[in-house]
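**Q** Build the 3D model from these lines:
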Amino acid sequence: MDILFNMRAFVCVAETGSFTAAAARLDLTTSYVSRAVATLETHLRTRLLHRTTRRIALTEAGQRYLMRCEQILGYIEEAEAEASDAHARPAGTLKVHAMTGIGQHYLIDAAADYNAKYPDVSFDLTLANRTTDILDEGYDISVVIARELPDSGFISKQLGKTYSVLCAAPGYIDKHGFARQPADLGKHRCLRLVNSVMSLDKWLLDGPDGEELVTVSQTPFQVNTADAMSVALKAGMGIGALPIYAALQSLQDGSLVRVLPNHTLFPLGVFALYPSRQYLDAKTRTWVEFLRDYMPQRLAADESRLLACSTQLMG
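**A** Down below sits the predicted model:
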């Protein structure tokens, strides 16, 4: 039994005062509407309407039930309107996961710019250096960096590309000298940035002569976040790899210098992951569209700043 339909039929009969008029409003036959109300009365074991050949009237139970039906159907209409509006108008809480570095250096500013455009959207941002199960953990979207994405069944959009560079403190370079070529790294104290996207003991450097694999052996320190690695490098502990976004400020203010400035390593894509393309609500859809425009611009600007630092160093 479709109880919601039967409730609508009953309300319509009560409002119009006639099975015939209710049938016309619902675009159904009179017998179909009459049967729906009779089925509802059988289900409730209560008479809702007094019927005569000339008119119908609500029973006392029918009057009480009509009030409840109108409330329930009103709630349903509100819920349907709210759900439909979510597809059309960005509003509500956007629950976002992002890897720590990319989140701290890009997504917080991105959220501020997005929120200025869509003030009815609030952010619940979780930063964690791991991939996440979007569905199980209830995220609308996850922003990750990776060489390539596993086949997860989620929708993915590439937002750009980035890479890492080797850095050290000027004091460390004064004491231990520059590495002139990748093979020289074997003579230096190399710090490891350990997370789900970076190799633990091998660095594949890409330079003018192609790729060269370096085994990292002397390792007095390892850590799992780029910002912590930056602190260790500025303390003079050795040479380490930093993503562009984590290296820039220190390279610009001189607290770090770039090592092997013609080489890069750990090329990574920046991806947005979300559960489904179908019936995507407005806040998620517009956030993805915003990031697809915002992130390439920010990544390109940071790469230009990095190249300017490297040019000054080589000059």
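**Q** what stretches of this structure score poorly on pLDDT?
**A** Along the chain, segments meeting pLDDT under 70 span 1, 53, 81-88, 196-200, 218, 277-279, 310-315.
**Q** contacting residues for the most centrally placed residue in it?
**A** In the chain, the residue lying closest to the centroid (C-alpha atoms, centre = their mean) is residue 141, at 2.2 Å. By C-beta atoms under 8 Å, 6 or more residues apart in numbering, the contact set of residue 141 is 94, 96, 97, 134, 272, 273, 274, 284, 287, 288. Quick note: C-beta positions are derived from backbone N, CA and C, even for glycine.
**Q** Excluding chain neighbours, what is closest to residue 98?
**A** Leaving out its chain neighbours, the residue that sits closest to residue 98 by C-beta to C-beta, 6 or more residues apart in numbering is residue 143, at 4.2 Å.
**Q** Pairing partners for the strand or helix carrying that neighbour, with directions?
**A** Counting by DSSP states H and E, the element that carries residue 143 is strand 141-146. Note on strand 141-146: by DSSP bridges, its sheet partners are strand 92-98 (parallel), strand 264-274 (antiparallel).
**Q** Could you list the buried residues of that strand?
**A** Buried residues in strand 141-146, defined by neighbour count with 16 or more other C-beta atoms under 10 Å: 141, 142, 143, 144, 145, 146.
**Q** Would you mind giving these as CSV with distance to residue 185 added?
**A** Formatted as CSV, the buried residues of strand 141-146 follow (distance: C-beta to C-beta, whole Å):
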residue, distance to residue 185
141, 38
142, 34
143, 31
144, 28
145, 23
146, 25
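**Q** Next, the angle from the lengthiest helix in the chain to strand 264-274.
**A** Ordering each helix of the chain by length in residues (DSSP state H) puts helix 282-314 first. Angle, helix 282-314 to strand 264-274, by axes from the mean of the first three to the mean of the last three C-alpha atoms, to 10 degrees: 170 degrees.
**Q** Tell me which other helices or strands helix 282-314 touches.
**A** Judged by 3 or more C-beta pairs under 8 Å, 6 or more residues apart in numbering; DSSP states H and E, helix 282-314 is in contact with helix 60-88, strand 92-98, helix 108-117, strand 141-146, strand 155-168, helix 244-253, strand 257-259, strand 264-274.
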